[in-house]
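Colleague: Need coordinates for the below:
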Amino acid sequence: MTQAAAAFAGTLATRIVLAPPRDPEFKGMTERNNGFLETSFLPGRQFASPTDINGQLAGWLPKANNRRVRSLGGRPVDVLDRDLAAMTVLPPHPPATGLQARVRLGRDYYVRVDGNDYSVDPRVTGRLVDVTATLTRVIVVCDGTAVADHERCWATAATVTDPGHVVTAKGLRSQFSAAKRERERAGGVGPEQRVMFRDTSDYDALFGVRFDPATGEVL
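Modeller: Predicted structure coming up:
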């Protein structure tokens, strides 16, 4: 069990029970529920997002819960109130969920989350940013300021771009190009690009080589 999973269970005042290997009966009820959804809910449906899935499921559940289940000896809807009364109350603060990471923003000003790339304000290129992915959003924060906020994409190998980030990147490139041209007009290369040249006589002295000043021959 991971630390994040243990923290999640602790916040909910519950515990996680790991199923033993090669024991399908241990989680038979869960497997039967999954099988019922797979054969009775999913066929013939199309989904645009997790929100769409939940919406269609909410509309389908009243019909499914009115069917008679042999193991219950009745309908699920008849015992729903009893199950709800037996559940523990939710904590005052919800548990932390989603994916979290800290990365250094590259020159392409994109971060990768679960196989998809999301644009970030290019003004924080080279700095550390905190990336949080919930079920619905991908949010990037730098020094307490949100520098990206996207709807989470559940496809694969997709690129999600904020048009504002593209405009900002174009402006930064224009500023850099203008500054470079200004340095060139001011006198060639800037001070940070100048190369230091050393007098060759310094190397002669270093290696103990002396020359006759009249003839230039080695002494």
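
Colleague: quick one: Gln100 is in a strand?
Modeller: Yes: assigned with DSSP: H, G, I helix; E, B strand; the rest coil, Gln100 falls within a strand.

Colleague: what's the burial count for it?
Modeller: For Gln100, the neighbour count with other C-beta atoms under 10 Å is 12. To be clear about C-beta, it is placed using only N, CA and C from the backbone, and glycine gets the same treatment.

Colleague: which residue sits closest to Thr136, ignoring its sequence neighbours?
Modeller: Distance criterion C-beta to C-beta, 6 or more residues apart in numbering; nearest residue to Thr136, sequence neighbours excluded, is Arg152 at 5.7 Å.

Colleague: For Val129, see how far away that neighbour is.
Modeller: 17 Å (C-beta to C-beta, to the nearest Å).

Colleague: what do you get for Thr161?
Modeller: From Thr161 across to Val129, the span is 16 Å (C-beta to C-beta).

Colleague: Those two: which is more packed in?
Modeller: Comparing Thr161 with Val129 by other C-beta under 10 Å, the one with more neighbours is Val129, at 21 against 13.

Colleague: which residue packs closest to that one, ignoring adjacent ones?
Modeller: According to C-beta to C-beta, 6+ apart, the nearest residue to Val129 is Cys142 (4.7 Å).

Colleague: in the protein, which ranges drop under the pLDDT threshold?
Modeller: Counting by pLDDT under 70, the chain contains low-confidence ranges at 187-219.

Colleague: Break it into its domains for me.
Modeller: 3-86, 99-165 (automatic domain parsing).

Colleague: just those domains: most buried one?
Modeller: Mean neighbour count (mean count of other C-beta atoms under 10 Å) peaks for domain 99-165 among the domains of the chain, with a mean of 15.

Colleague: That one: end-to-end distance?
Modeller: One end of domain 99-165 sits 23 Å from the other (C-alpha to C-alpha, to the nearest Å).

Colleague: ranges for the strands of this protein?
Modeller: 99-104, 110-113, 116-119, 128-133, 137-142, 145-151, 159-160 (DSSP state E).
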